[in-house]
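Trainee: A structural model of the following input is requested.
(one chain, ligands or ions: 1)
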Amino acid sequence: MNENKWESSVRKVVPYIPGEQPQFSDVIKLNTNENPYPPAPAVRKVLEDFDHGRMRLYPDPDSAVLTNAIAKRYDLKPSQIFVGVGSDDVLSVAFMTFFGSDKPILFPNITYSFYDVWADVYRIPYRQIPLKNDFTIDPEDYKTENGGIVIANPNAPTGVAAPLEMIEDIVNANPDSVVIVDEAYVDFGGESCLPLIEKYENLLVVQTFSKSRSMAGMRIGFAMGSEKLIKYMNDVKFSINSYTMNHITQLCGAEAMTDEKYFRETVDKIIEVRERSKARLAELGFKFTDSKANFIFASPVKKSAKYVFEELKKRRIFVRYWNKPIICDYLRITVGTDEEMEKLFEALEDIING
Ligand SMILES: *Cc1c(COP(=O)(O)O)cnc(C)c1O
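Mentor: Reported below is the predicted structural model:
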């Protein structure tokens, strides 16, 4: 490669590749685990009532209105909550803050593919631990010297959930490092390890508004943990950029966190459609994990996953496919509305049996 001298000191990274965001509207989009329902009705009211003159002022650097709403919902102190611009931002700050050891951090080989990207960009050594054949974690693998641990629970893209006792087993065995549990999908049927934060000062639980609260486009994520952990994260955050979260987003997020009834209704609906979709996939001969997330990780068996992915795309139905070892026989299908899933299954019937 023809490299100029100045390029030798460039921080070079291989970036994370997000799922496609096709910019036309006549597609069925089941590829990035967005929620098919709009956010809580009170969010619309915030936008309607918003005084645009307010934009000349900086937003509240502490995002107090949002932090307080989250604290109230989870029965915590505001000082136990860190908010950021999506949980990607929160996780990135957490990696930078907590993973300063020379020892490798540990996370599964099949998991959210941003973890190794952050580790690379922050020069954090890491080791990826193979999942078992059924895509579950063996907690014994995490009882070894390490500079930190990250576990997505339920895991992505498999949807497999680890029981609370397994997470506690891992946290309990690692008093000398910070354990991050990424609960992006926990509201769809996983078991949150939030109750453990009172007992373990080194446990950080990360959640997001992007999936269960229908606000991927607003970018809100949050972490919950001991006051000590949260203080360390805020110190790093305020050393980089104090005003990451804009004013409107803070207000909208607070409303979305407050409407418990709407939250339950939409989450329950997604769970119901997911379980019905599993039965339909079984009829078509797919094999799949028992996903507790808002997606299904399924292998077509009768046809290759790549072929089904491409055929669906021709029909303007987007799902996620990775041409990578171990998971190349699988598709990750986001749970959409009843109507969207009906169209998906019509297409799948045609592709698999047609
Ligand atoms: C979607 C997702 C995130 C990030 O979501 P944000 O939109 O940045 O909040 C983090 N972790 C996992 C496992 C996810 O699937």
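Trainee: and Lys269, how many neighbours?
Mentor: 15 (other C-beta atoms under 10 Å). All C-beta spots, glycine's among them, are computed from the backbone N, C-alpha and C.
Trainee: Val150 now?
Mentor: Residues near Val150, counting by other C-beta under 10 Å: 27.
Trainee: Find the nearest non-adjacent residue to it, please.
Mentor: Distances taken as C-beta to C-beta, 6 or more residues apart in numbering place Phe107 nearest to Val150, at 4.3 Å, with adjacent residues excluded.
Trainee: you'd agree the one you found is in a helix?
Mentor: No - Phe107: not assigned to a helix; according to DSSP: H, G, I helix; E, B strand; the rest coil it is strand.
Trainee: just for the protein, where's the confidence low?
Mentor: 1 (pLDDT under 70).
Trainee: Show me the longest helix that occurs in it.
Mentor: Ranked by residue count and defined by DSSP state H, the top helix of the chain is helix 260-283.
Trainee: what's the domain layout of the protein?
Mentor: 18-39+261-353, 41-258 (automatic domain parsing).
Trainee: Give me the neighbour count for the residue nearest to Val150.
Mentor: 24.
Trainee: Can you tell me how far it is from Glu140?
Mentor: 15 Å (C-beta to C-beta, to the nearest Å).
Trainee: Next: Gln128.
Mentor: Distance from Gln128 to Glu140, by C-beta to C-beta: 16 Å.
Trainee: Have a look at these two and say which one is more surrounded.
Mentor: Between Gln128 and Glu140, counted using other C-beta under 10 Å, the more crowded position is Gln128 (16 against 10).
Trainee: Secondary structure element holding that one?
Mentor: Using DSSP states H and E, Gln128 maps to strand 126-129.
Trainee: What helix or strand is the closest residue to Ala42 other than its chain neighbours located in?
Mentor: Spatially, and ignoring its direct neighbours in sequence, Ala42 is nearest to Glu255 (3.9 Å; C-beta to C-beta, 6+ apart). In the assignment (DSSP H and E), Glu255 maps to helix 247-258.
Trainee: Show me what from this structure comes close to the ligand.
Mentor: Neighbours of the ligand within the chain, by C-beta under 6 Å from any ligand atom: 33, 86-88, 112, 152, 156, 182, 184, 208, 210, 216, 221.
Trainee: I figured Thr249 was touching Ile220, is that so?
Mentor: Yes - if you go by C-beta atoms under 8 Å, Thr249 and Ile220 touch, sitting 6.2 Å apart.
Trainee: Nearest to Lys12, out of the domains of the chain?
Mentor: Across the domains of the chain, Lys12 has its closest neighbour in domain 41-258 (9.2 Å, C-beta to C-beta).
Trainee: Val27 against Phe318, yeah?
Mentor: Yes - under the criterion of C-beta under 8 Å, Val27 is in contact with Phe318, at a separation of 5.9 Å.
Trainee: what's the first-to-last distance across stretch 97-106?
Mentor: Taking C-alpha to C-alpha, to the nearest Å, the first and last residues of stretch 97-106 lie 16 Å apart.
Trainee: no, scratch that, I was asking about stretch 77-96
Mentor: Start-to-end, stretch 77-96 (C-alpha to C-alpha) is 24 Å.
Trainee: Any buried residues in that stretch, and which?
Mentor: Buried residues in stretch 77-96, defined by neighbour count with 16 or more other C-beta atoms under 10 Å: 78, 80-96.
Trainee: next one: it to chain centre, how far?
Mentor: Centre-to-centre, stretch 77-96 and its host chain are 13 Å apart (C-alpha atoms, centre = their mean, to the nearest Å).
Trainee: just to revisit the earlier point, identify the residues contacting the strand holding Gln128?
Mentor: With C-beta atoms under 8 Å, 6 or more residues apart in numbering as the test, strand 126-129 has contacts from 104-109, 115-116, 119, 137, 141-142, 146.
Trainee: what about 10 Å?
Mentor: 95, 99, 103-111, 115-116, 118-120, 137-138, 141-142, 144, 146-151 (C-beta atoms under 10 Å, 6 or more residues apart in numbering).
Trainee: which helices and strands sit right next to the host helix or strand of Ile351?
Mentor: Using DSSP H and E, Ile351 maps to helix 338-353. Judged by 3 or more C-beta pairs under 10 Å, 6 or more residues apart in numbering; DSSP states H and E, the packing partners of helix 338-353 are strand 28-29, helix 260-283, helix 305-314, strand 317-318, strand 331-334.
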